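Chemist: Structure here, sequence nowhere to be found:
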């Protein structure tokens, strides 16, 4: 079963601030554990939303409207794609992740991927 562990953006990540060396080390260790267990498919961080674009479709059948970032509301800072045997195992792996933003700003979401 594929699950995506979605790391939500914070004020720091949206400002383009990199995590502290200690947090980078903890995240590297966590990712190494995922790889060693054979469950990690991919892990990537995203540039701040100020570098992104958003397409919206305000009219059915109409052309998309392009909006340049930054965006407000919930924004994604990165993700880890894992292949595990159950929803419970995905949650267990997510619970092992260090605070991905540091400073008590971290928030993650676990979502199953359609296969």
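Modeler: Looks like it arrived, so ask away. Source: prediction; values computed, not measured. Residues are numbered from 1 along each chain as shown.

Chemist: downstream neighbour of the one helix or strand residue 67 maps to in the secondary structure list?
Modeler: Using DSSP states H and E, residue 67 sits within strand 65-68. Downstream of strand 65-68, the first helix or strand assigned by DSSP H and E is strand 76-83.

Chemist: What count of nearby residues applies to residue 77?
Modeler: For residue 77, the neighbour count with other CB atoms under 10 Å is 22. The C-beta positions use only the backbone N, C-alpha and C, and glycine is treated the same way.

Chemist: now do residue 93
Modeler: When neighbours are counted by other CB under 10 Å, residue 93 registers 21.

Chemist: wait, isn't it in contact with residue 35?
Modeler: No: the pair residue 93 / residue 35 is not scored as a contact, 11.9 Å apart, by CB atoms under 8 Å.

Chemist: Which elements pack onto the strand holding residue 67?
Modeler: strand 53-56 (3 or more CB pairs under 8 Å, 6 or more residues apart in numbering; DSSP states H and E).

Chemist: Note down every partner strand of the strand it packs on and its orientation.
Modeler: Strand pairing for strand 53-56, using DSSP bridges, gives strand 65-68 (antiparallel).

Chemist: for the partner strand, the distance to its chain's centre please.
Modeler: 22 Å (CA atoms, centre = their mean, to the nearest Å).

Chemist: List the buried residues for it?
Modeler: For strand 65-68, a neighbour-count test (16 or more other CB atoms under 10 Å) marks nothing as buried.

Chemist: ok, and what's touching that strand?
Modeler: Residues outside strand 65-68 that contact it (CB atoms under 8 Å, 6 or more residues apart in numbering): 52-58.

Chemist: tell me which residues in the helix or strand of the chain with the lowest mean pLDDT are buried?
Modeler: Every helix and strand of the chain was ranked by mean pLDDT, DSSP states H and E. The lowest is helix 11-14, at a mean of 90. Buried residues in helix 11-14, counted by 16+ other CB under 10 Å: 12-14.

Chemist: which secondary structure elements does the helix or strand just after it contact?
Modeler: Downstream of helix 11-14, the next assigned helix or strand under DSSP H and E is helix 21-36. Other elements packing on helix 21-36 under the criterion 3+ CB pairs under 8 Å, 6+ apart are strand 40-45, strand 76-83, helix 87-96.
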